[in-house]
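Enquirer: here's a sequence, model it:
(one chain, ligands or ions: 1)
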Amino acid sequence: PPGLYIVATPIGNLGDLTMRAADVLRRAALVLAEDKRVSSRIMAHVDAHVPMRTYNDHSDSADRDAIVARLGQEAIALVSDAGTPLISDPGYKLVREARAAGHNIVTVPGACAAVAALTLAGLPTDRFLFLGFLPAKEKARADAIAEVAAIRATLVLYESGPRLAAMLTALADGLGAREGAVARELTKLHEECVTGDLRELAARYAEAPPKGEIVVVVGPPPDAEAPSLEDLDSALRAALAAGE
Ligand code: SAM
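Expert: Residues are numbered from 1 along each chain as shown. Coordinates of the predicted model:
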């Protein structure tokens, strides 16, 4: 059926493309890709012969209008270079405008580096906050970290190898002692997940900046010490005594 299909593609291992994604990419009238050269590998892999058009952060509202005008008659698929579109990738404005115009919007979910990293880190997953890429500049980065320091949730961030050590140091400075995990090259040959205190991790990667793609996961702030029964009992006695 016509509409906008949001199609997740692998984050490194072609085997992670879902059967449904392959089917949608073969049947679409048009595939919108962040970078046509990157996505043409996936298209060849699933033997899809469909026209492609670039849709990226530089696409403007005229580009979106032209796409939205076709959604009533055609199935148009949106893919990004890797993983799930809209997650630190273009697409949200297109979905918003397609929705406003009343079109059918279908998600074809699959790989997402943030979620993959969460499943490896061994840190709490009941509450997490995805922060995407922090600002590169030191002050803006410190401000962004300060803004989330009190939040009782696991944090998930994207970062590049050359910036990793500075980013881990900034996290340790802004958040204090917390557990962290650096998940690298997920689903690829050299997949690894290194865990440790943020400070230790910063020191480790300052020595040797890692290659490849990286997700950083940071555990929630340590629980405030719960009062013991004895403490509660003596506090209660003191309060009662004071009231007499
Ligand atoms: N939309 C993508 C997703 O669903 O994960 C993310 C796109 S964002 C532009 C690219 C960033 O995602 C990389 O810089 C890295 O932080 C992270 N990433 C993507 N693939 C990865 C992988 N295989 N291993 C670790 N991190 C990855």
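Enquirer: what's in contact with stretch 165-178?
Expert: 134, 138, 141-142, 145-146, 149, 157, 159, 180, 182, 197-199, 201-202, 205-206, 209, 216, 218-222 (CB atoms under 8 Å, 6 or more residues apart in numbering). Any C-beta I mention is one placed from the backbone N, CA and C, and that applies to glycine too.
Enquirer: redo that, cut-off 6 Å
Expert: 141-142, 145-146, 149, 159, 198-199, 201-202, 205-206, 218-219 (CB atoms under 6 Å, 6 or more residues apart in numbering).
Enquirer: then stretch 133-147?
Expert: Stretch 133-147 has contacts (CB under 6 Å, 6+ apart) with Tyr158, Ala170, Gly174.
Enquirer: can you do 7 Å?
Expert: The contact list for stretch 133-147 (CB atoms under 7 Å, 6 or more residues apart in numbering) reads Ser88, Leu157, Tyr158, Glu159, Arg163, Met167, Ala170, Leu171, Gly174, Leu175.
Enquirer: can you tell me the closest non-neighbouring residue to the residue in the chain that the ligand sits nearest to?
Expert: The nearest approach of the chain to the ligand comes at Gly83, 2.5 Å away (CB to the nearest ligand atom). With CB to CB, 6 or more residues apart in numbering as the criterion, Gly83 has its nearest non-adjacent residue at 4.6 Å, and that residue is Ile11.
Enquirer: my read: that neighbour touches Lys188, true?
Expert: No: in this structure, Ile11 is not within contact of Lys188 by CB atoms under 7 Å, at 8.3 Å.
Enquirer: which residues are in contact with the residue of the chain closest to the ligand?
Expert: Gly83 is in contact with Ala8, Thr9, Ile11, Ala111, Cys112, Ala113, counting by CB under 7 Å, 6+ apart.
Enquirer: tell me the phi and psi of the closest residue to Asn13 other than its chain neighbours?
Expert: Leaving aside its chain neighbours, Asn13 sits nearest to Thr187 (3.9 Å; criterion: CB to CB, 6+ apart). Per-residue torsions, Thr187: phi 70, psi 0 (degrees, to the nearest 10).
Enquirer: Lys93 is in contact with Ile67, isn't it?
Expert: No: in this structure, Lys93 is not within contact of Ile67 by CB under 7 Å, at 10.7 Å.
Enquirer: which one of these two is surrounded by more residues?
Expert: Neighbour count, other CB atoms under 10 Å: between Lys93 and Ile67, Ile67 has more, with 21 against 15.
Enquirer: look up how far Ser61 lies from the more buried one.
Expert: Ile67 sits 11 Å away from Ser61, going by CB to CB, to the nearest Å.
Enquirer: check Ala239 too.
Expert: 63 Å.
Enquirer: can you tell me which residue is spatially central in this structure?
Expert: Ala114 (3.9 Å; CA atoms, centre = their mean).
Enquirer: check which residues of the helix or strand harbouring it are buried.
Expert: Here Ala114, judged by DSSP states H and E, is contained in helix 113-121. By 16 or more other CB atoms under 10 Å, the buried positions in helix 113-121 come out as Ala113, Ala114, Val115, Ala116, Ala117, Leu118, Leu120, Ala121.
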